[in-house]
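A.B. asks: Got a sequence here, can you model it:
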Amino acid sequence: MDTMTLWHLTGWEFAALALAALLVGFSKTAVSGANTISLAVFAAVLPARASTGVLLPLLIAGDVLAVLTYRRHAHWPTLWRLFPAVAAGVVVGTLFLTWADDGIVRTSIGAILLLMSALTVWRRSTAEKAREPDSVMTRAGRAKPRSYGVLGGFTTMVANAGGPVMSMYLLSAGFRKLGFLGTSAFFFLIVNVSKVPFSVGLGLIDGPSLMLDTALVLFVLPGALLGKWAVSRIDQRLFEQLVIAATVLGALHLLLRQ
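C.D. replies: Next up, the predicted model:
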């Protein structure tokens with residue numbers, strides 16, 4: 001982490017990271033995709049390389065809380081269909097990083113996310129309005145899990161931004177709130193844990209980064225509890241609109257970032 005520790009941060013910088021950590025917890029139990037804002041805050045306060053190492057354990061903490069909250073609502077057939085395509089996407093992302101610079105990576109991912117958002121809005125505006133509560137298989141076959149899986153693996157590899165792509169897939173597959181949150185919780189817990197050895201090997205996770213995580217993880221829990229409280233008060237239509245809006249904001253951030 002380039003010797004950066006908790007003690008090198010100003011009060012305002014730590015407050016910004018704490019708010020972003022709280023948003024990580026909220027996004028995991030309420031509005032998936034909202035943690036794209038957290039990605040932006042961490043990258044702004046910390047060195048870009050160090051920020052990914054600090055954020056990953058916080059994401060995993062949020063994933064664990066989400067799994068504990070929504071574990072009964074996960075749809076495992078969907079997960080098993082996604083994982084092979086995600087693995088292929090990770091390989092593609094690795095090859096892409098061998099030649100693409102940061103500007104190309106950001107522009108490519110931002111464009112993909114905007115395209116996914118537009119396609120999702122179009123599909124939902126032309127689809128039948130009637131859906132069975134928490135029923136997902138009626139549309140999962142039409143959501144092209146292979147395409148979304150490859151894109152999700154690609155984006156999580158090159159920019160730790162697989163969340164919005166997976167959100168678009170789950171919405172396109174017709175998931176209701178609880179099924180959406182339960183399935184995405186297990187998906188990201190497995191994916192993020194699998195990235196830990198690589199992050200440690202690259203020096204992104206070390207003693208100083210874990211020291212900072214120890215302080216910030218205290219804010220993930222109240223964020224998760226706030227999300228659990230809020231999700232029961234958000235109707236399905238608003239939930240979907242918030243997920244799409246968070247995805248669009250994340251895409252615009254990548255496209256406009258200097």
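A.B. asks: Show me which helix or strand of this protein is least confident by mean pLDDT.
C.D. replies: helix 137-140 (a mean of 46; mean pLDDT, DSSP states H and E).
A.B. asks: which secondary structure element contains the spatially most central residue of the chain?
C.D. replies: With distances taken as Cα atoms, centre = their mean, Gly163 lies nearest the centre of the chain, 2.8 Å away. According to DSSP states H and E, Gly163 maps onto helix 162-172.
A.B. asks: and that helix, how far from the chain's centre?
C.D. replies: 9 Å (Cα atoms, centre = their mean, to the nearest Å).
A.B. asks: re earlier: so the residue nearest to the centre of the chain makes contact with Thr36?
C.D. replies: Yes: contact between Gly163 and Thr36 holds when scored by Cβ atoms under 8 Å: they sit 6.9 Å apart. Where C-beta positions appear, they are placed from N, C-alpha and C, glycine not excepted.
A.B. asks: Now do the helices in the stretch 51-200 of the chain.
C.D. replies: For the stretch 51-200 of the chain, the helices defined by DSSP state H, counting those that start in this stretch occupy 76-97, 102-126, 137-140, 145-159, 162-172, 177-201.
A.B. asks: weakest of those helices by average pLDDT?
C.D. replies: Within the helices of the stretch 51-200 of the chain, the stretch with the lowest mean pLDDT is helix 137-140, showing a mean of 46.
A.B. asks: burial count for the closest residue to Val248 other than its chain neighbours?
C.D. replies: Nearest residue to Val248, sequence neighbours excluded (Cβ to Cβ, 6 or more residues apart in numbering): Ser117, at 5.2 Å. For Ser117, the count of nearby residues is 23 (other Cβ atoms under 10 Å).
A.B. asks: Could you check how far Ser117 is from Met211?
C.D. replies: 37 Å (Cβ to Cβ, to the nearest Å).
A.B. asks: before we move on, what about Gly93?
C.D. replies: To Met211, Gly93 is 30 Å away according to Cβ to Cβ.
A.B. asks: Between those two, tell me which one has more neighbours.
C.D. replies: Legend: neighbour count by other Cβ under 10 Å for Gly93 and Met211, higher for Gly93 (23 against 16).
A.B. asks: what about the nearest residue to the more buried one once chain neighbours are set aside, how many neighbours?
C.D. replies: In space, Gly93 comes closest to Met157 once its chain neighbours are excluded; the distance is 3.1 Å by Cβ to Cβ, 6+ apart. A total of 23 residues lie near Met157 under the criterion other Cβ under 10 Å.
A.B. asks: surely Met157 meets Val86?
C.D. replies: No: using Cβ under 8 Å, Met157 is not in contact with Val86, being 9.5 Å away.
A.B. asks: I'd like the distance from the closest residue to Trp76 other than its chain neighbours to Ala251, if you could.
C.D. replies: Spatial nearest neighbour of Trp76, excluding adjacent residues (Cβ to Cβ, 6+ apart): Phe186 at 7.8 Å. Relative to Ala251, Phe186 is positioned 25 Å away (criterion: Cβ to Cβ).
A.B. asks: Among these two, which residue is more densely surrounded?
C.D. replies: Ala251 (23 against 20).
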